[in-house]
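**Student:** Give me the fold of what follows.
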Amino acid sequence: MGDFWVFGYGSLMWKPGFAHVETTHARLHGYRRALCVRSYVHRGTPERPGLVLGLDRGGSCLGMAFRVPGELEDEVVAYLRERELVTHVYLERRLGVRLADGRKVEALTYIVDRDHVQYAGALSVEDAAMAVRGSVGKSGRNEDYVHSTLEHMRKMDIRDHWMEAVAAAVDQG
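**Tutor:** Sure thing, here's the model as predicted:
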């Protein structure tokens, strides 16, 4: 069993939680990072849902890829399923990504299920900011989630102009 890759686009980038032997920037084409998942518990409530990240169709996404030793595949996949598939708003996929050095590899990742009740759709900057502003769940304020995400991404030299625009609109609120 050979090594395999995992692609992260949100907290998985800076807090993978699994053993790996290589980490590099990677780009996934055909999907974009978006605040497209309604959060009813961690960053909002059923009455006032917040938004968290998902990979939605369209565009591309710069994230991080992790090379995992093949002998750890069962353990790492089980961990990721427990972490990412709590409400089944994400679908597990193996998709092609381009690593920073130009290599193309297949990577395990999680995309949003557009048929799931938590899918918020493709929101405008203003609509996303309105949903984020004032939403609070058991893990804290939704605004803090957005700002923390961007701060971590900046430290990793990853920019996301749409997310930055949402954060600016939240602050102008």
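**Student:** In three-state terms, label Val146 for me.
**Tutor:** helix (DSSP: H, G, I helix; E, B strand; the rest coil).
**Student:** show me the contacts for it.
**Tutor:** 35, 132, 163, 166-167, 170 (Cβ atoms under 8 Å, 6 or more residues apart in numbering). (Glycine included, C-beta is placed from N, CA and C.)
**Student:** same check, this time on Gly63
**Tutor:** 7-9, 13, 25-28, 33, 158.
**Student:** try 7 Å this time
**Tutor:** With contact set as Cβ atoms under 7 Å, 6 or more residues apart in numbering, Gly63 has these partners: 7-9, 13, 26, 28.
**Student:** The closest residue to it other than its chain neighbours and Asp74, how far apart?
**Tutor:** Leaving aside its sequence neighbours, Gly63 sits nearest to Tyr9 (Cβ to Cβ, 6 or more residues apart in numbering; 4.0 Å). Tyr9 sits 23 Å away from Asp74, taking Cβ to Cβ, to the nearest Å as the criterion.
**Student:** higher neighbour count, these two?
**Tutor:** Tyr9 (25 against 10; other Cβ atoms under 10 Å).
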